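K.L.:
what shape does this take:
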Amino acid sequence: MRVVLQRAKRAEVRVAGEVVGKIDHGLMLLVGVTHEDSREDAAYIAEKVSNLRIFEDDQEKMNLSLLDVEGQVLSVSQFTLYGDCRKGRRPNFMDAAKPDHAETIYEAFNEALRSKGVTVETGQFGAMMEVDFVNDGPVTLIVESK
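P.N.:
Below you'll find the predicted structure:
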């Protein structure tokens, strides 16, 4: 499992021009799932994401977690995170999980975050989406389970 994590001042996702998910402060997550990912991978990533100390404290040091600042998450599925661009001019998406498996693991990930008390908004799995957000910092990290 691979997640691109971006600290956000605000974020929203639209499908067909309609806002389907929106947060005010927290993390914008692009979530990719590969074939061998499991619920254990989803739980591991949820634990890591919710506890990473990437928010600033009173001394402007990154010492606080998403849980500490009571931040929200906008979680957007993105199979293109497993695009392989090493050969040719067209990305190869063979490492991305099939939709049924990917959706199961993606939902398990979102539920694992919610079980920690995190407010999670999402896009619409498999839809064409427009994502708009303000990266705070900017802070951008990649978190992987393997």
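K.L.:
who does the biggest helix by length in the chain touch, helix- and strand-wise?
P.N.:
The residue-count maximum for a helix in the chain (DSSP state H) belongs to helix 99-114. Using 3 or more CB pairs under 8 Å, 6 or more residues apart in numbering; DSSP states H and E, the elements in contact with helix 99-114 are helix 39-51, strand 72-77, strand 119-122. The way it works is simple: take the backbone N, C-alpha and C, and place the C-beta from them, glycine included.
K.L.:
one more time with 10 Å, if that's ok
P.N.:
When contacts are defined as 3 or more CB pairs under 10 Å, 6 or more residues apart in numbering; DSSP states H and E, helix 99-114 packs onto strand 26-32, helix 39-51, strand 72-77, strand 119-122.
K.L.:
how far out from the middle of the chain is the shortest one?
P.N.:
Per CA atoms, centre = their mean, to the nearest Å, the displacement of strand 119-122 from the mean C-alpha position of its chain is 10 Å.
K.L.:
among the helices and strands packed on helix 99-114, which comes closest to Ala97?
P.N.:
Set against Ala97 and scored by CB to CB, those come closest in strand 26-32, at 8.5 Å.
K.L.:
which residue lies farthest from the center of the chain?
P.N.:
Each residue of the chain has a distance to the centre, and by CA atoms, centre = their mean the biggest one is for Gly88: 28.1 Å.
K.L.:
quick check, that residue in a helix?
P.N.:
No. Counting by DSSP: H, G, I helix; E, B strand; the rest coil, Gly88 falls outside a helix, being coil.
K.L.:
wait, what's in contact with it?
P.N.:
Shown in contact with Gly88 (CB atoms under 10 Å, 6 or more residues apart in numbering): no residues.
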